[in-house]
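Chemist: Provided below are the primary sequence and the corresponding predicted coordinates.
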Amino acid sequence: MLLCAVMLMTALMGCGSNKVEIQEPEVERLEEQTEDRNLTVSILGDSISTFDEWIPEGYQAFFPMNGEVTDVNQTWWKMVLDELEMELYVNGSSSGSTCVGDSASADNPKYGCSDYRIKALAGTDGASPDVIIVYMGTNDLVTSIPIGENDGTRAVEEGMIESFSDAYSLILDKLAANYPGAQIFCCTLAPVGDWGTEQPFVTFVNGQGLSAVEYSDSIKTIAGAKGYPVIDLQNCGITIDNMQQYVTDGVHLKPEGMVLIKDAIKKTLEEYY
């Protein structure tokens, strides 16, 4: 299993605790700002949300050079935008990136909590997107970043951020400060698999003894504390038993998996718009 974990980590860089009960924010439909334009969307993500030539210069793409998603129209985000008639501002996704890292970095796309990544989500002339979707944390899981104990109520100082919960909390605070008019949505992690023996995949457990469930619980806790809606990708339809149908390497989605992610995200957005 150690070899399997190393293989999975390598693939990504190219790219049970108790359940946490979180009080979800009350759904209140948000009116479109104008009747003569589509709502605008920016994405803060990792390799799962990349596509070459659709991400900022200097960011690292996973698709379509790797995996089975070969057309941008097969990505979850392009399908969501097209089906809901929304406009993409910036797909700020970079393969191999984590939430943790140097939050003050101005030139490294590896750190999701960095000024560089956060400020790059603005549209032309610095316009704020109407919607920001945060789908990050898988690389924190796979590289065994400690979750930490931040429940979203503790402020985080800028610098080298070393725990997932501090980094995720800081991301949301910086998004709110930079884009006060945007509605932020937080995605939990889809199940992550490791190569199995009796079946193709078993649940991936990192060096901290944690799976995608625990990182998703942290996301729900932090988002709940700050009042942001959660998009539940832990229960999007991908499971360890059917993972071979939807995922190539335990993490990166096949076109069929992209459809399940799209459906889950679209369903939540439709509750608000």
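Modeler: Sure thing, it's come through. Everything numeric here is computed off the predicted structure, so don't read it as measured data.

Chemist: okay, CA-based contacts and neighbour counts for the rest of this
Modeler: Noted.

Chemist: remind me which residues of the stretch 151-273 of the chain are low pLDDT?
Modeler: Along the stretch 151-273 of the chain, the model assigns pLDDT under 70 to no residue.

Chemist: What's the local residue count around Asp241?
Modeler: Using other Cα atoms under 10 Å, Asp241 is surrounded by 13 other residues.

Chemist: Quick check: it touching Thr203?
Modeler: No: using Cα atoms under 8 Å, Asp241 is not in contact with Thr203; the gap is 9.7 Å.

Chemist: can you list residues touching both of these two?
Modeler: Common contacts of Asp241 and Thr203 (Cα atoms under 8 Å, 6 or more residues apart in numbering): none found.

Chemist: any idea which element Ser169 lies in?
Modeler: Assigning secondary structure by DSSP states H and E places Ser169 in helix 164-178.

Chemist: Could you name the helices and strands sitting against that helix?
Modeler: In terms of contacts (3 or more Cα pairs under 8 Å, 6 or more residues apart in numbering; DSSP states H and E), helix 164-178 is packed against helix 115-119, helix 212-226.

Chemist: hmm, who's touching the shortest one?
Modeler: When you say that, I think you mean helix 115-119. So helix 115-119 is contacted by 44, 92, 103-109, 111-112, 171, 174-175, 178 (Cα under 8 Å, 6+ apart).

Chemist: Show only the entries of the residues you listed found in helices.
Modeler: 171, 174-175, 178 (DSSP state H).

Chemist: what's the closest non-adjacent residue to Val90?
Modeler: Computed as Cα to Cα, 6 or more residues apart in numbering, the closest residue to Val90 that is not its neighbour in sequence is Ser42, at 4.8 Å.

Chemist: got it, and Gln183?
Modeler: Per Cα to Cα, 6+ apart, closest to Gln183 is Val131, 4.9 Å.

Chemist: what's near enough to touch that neighbour?
Modeler: 39-42, 182-185.

Chemist: what does Asp52 give?
Modeler: Contacts for Asp52 (Cα under 8 Å, 6+ apart) come out as 61-64.

Chemist: Return the member of those residues nearest to Val156.
Modeler: Val156 lies nearest to Ala61 out of these, by Cα to Cα, at 29.4 Å.

Chemist: Please, which helix or strand holds the closest one?
Modeler: Using DSSP H and E, Ala61 falls outside every helix and strand.

Chemist: doesn't Ser94 make contact with it?
Modeler: Yes: using Cα under 8 Å, Ala61 makes contact with Ser94 at a distance of 6.1 Å.

Chemist: any weak-confidence spans in the stretch 1-150 of the chain?
Modeler: Using pLDDT under 70, the flagged stretches of the stretch 1-150 of the chain are 1-36.

Chemist: Now do stretch 136-152: everything it contacts.
Modeler: Contacts for stretch 136-152 (Cα under 8 Å, 6+ apart): 8-9, 12-13, 44-46, 96-100, 112, 162-166, 169, 187, 189, 206-208, 210-212, 215, 218, 221-223, 225-226.

Chemist: coming back round to it: counting by contacts, list what the strand or helix carrying the residue nearest to Val90 packs against.
Modeler: Element membership of Ser42, judged by DSSP H and E, is strand 40-45. With contacts defined as 3+ Cα pairs under 8 Å, 6+ apart, the packing partners of strand 40-45 are strand 87-93, strand 131-135.

Chemist: which is the next helix or strand following it?
Modeler: According to DSSP H and E, the helix or strand after strand 40-45 is helix 76-84.

Chemist: tell me, what residue is most central in this protein?
Modeler: Tyr135 (1.2 Å; Cα atoms, centre = their mean).

Chemist: I'd guessed it sits against Thr188; true?
Modeler: Yes: the criterion here is Cα under 8 Å, and Tyr135 meets it with Thr188 at 7.2 Å.

Chemist: on that earlier part again, neighbour-wise, give me the winner out of the contacts of helix 115-119.
Modeler: For those, neighbours tallied by other Cα under 10 Å; top is Gly112, 31 neighbours.

Chemist: What sits closest to that residue if chain neighbours are left out?
Modeler: Nearest residue to Gly112 in three dimensions, chain neighbours excluded: Cys99, at 4.3 Å (Cα to Cα, 6+ apart).
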